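**Student:** Predicted model and sequence below, questions to follow.
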Amino acid sequence: MTVQSDLKKALAAAESAKGTYATFSQATDDNSAQNMFEQMASDMDRHISQINSRLGVTAQNALNQQE
């Protein structure tokens, strides 16, 4: 497994988690819980951005493009 494929898996997991948190936020009437899940989704945006940045770096390395 390559670094790039590992990062793609991490990206998919982060995007899935973000969607799950957004769903949880909409599904509850508890304002505190809504805020918590919205913050968690926002945190995932930051994670997604960091992973995408790293993917850009690894894409430049020919050794990481082999799958």
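**Tutor:** That came through fine.
**Student:** low-confidence ranges in the chain?
**Tutor:** Of all residues in the chain, those with pLDDT under 70 make up the ranges 1, 62-67.
**Student:** Let me see the contact set for the residue nearest the centre of the chain.
**Tutor:** In the chain, the C-alpha closest to the average C-alpha coordinate belongs to Ala14, at a distance of 2.4 Å (C-alpha atoms, centre = their mean). Going by C-beta atoms under 8 Å, 6 or more residues apart in numbering, Ala14 touches 44, 47-48, 51. Quick note: C-beta positions are derived from backbone N, CA and C, even for glycine.
**Student:** and the lengthiest helix in the chain, which residues are buried?
**Tutor:** When the chain is parsed with DSSP state H, its longest helix is helix 31-59. Of the residues in helix 31-59, 37, 40-41, 44, 47-48, 51, 55, 58 count as buried by neighbour count, 16 or more other C-beta atoms under 10 Å.
**Student:** Check these against Lys18 and report the nearest one.
**Tutor:** When those are ranked by distance to Lys18 (C-beta to C-beta), Met44 comes first, at 3.7 Å.
**Student:** Now the nearest residue to that closest one once chain neighbours are set aside: which helix or strand?
**Tutor:** Nearest residue to Met44 in three dimensions, chain neighbours excluded: Lys18, at 3.7 Å (C-beta to C-beta, 6 or more residues apart in numbering). Counting by DSSP states H and E, the secondary-structure element that holds Lys18 is helix 3-27.
**Student:** Give me the buried positions along that helix.
**Tutor:** In terms of neighbour count (16+ other C-beta under 10 Å), helix 3-27 has its buried residues at 4, 7, 10-11, 14, 17-18, 21, 24-25.
**Student:** rewinding a little: now do the residue nearest to Met44 against Phe37, distance only.
**Tutor:** Computed with C-beta to C-beta, to the nearest Å, the distance linking Lys18 and Phe37 is 10 Å.
**Student:** cool, Ala59 as well?
**Tutor:** Relative to Phe37, and taking C-beta to C-beta, Ala59 is found at 32 Å.
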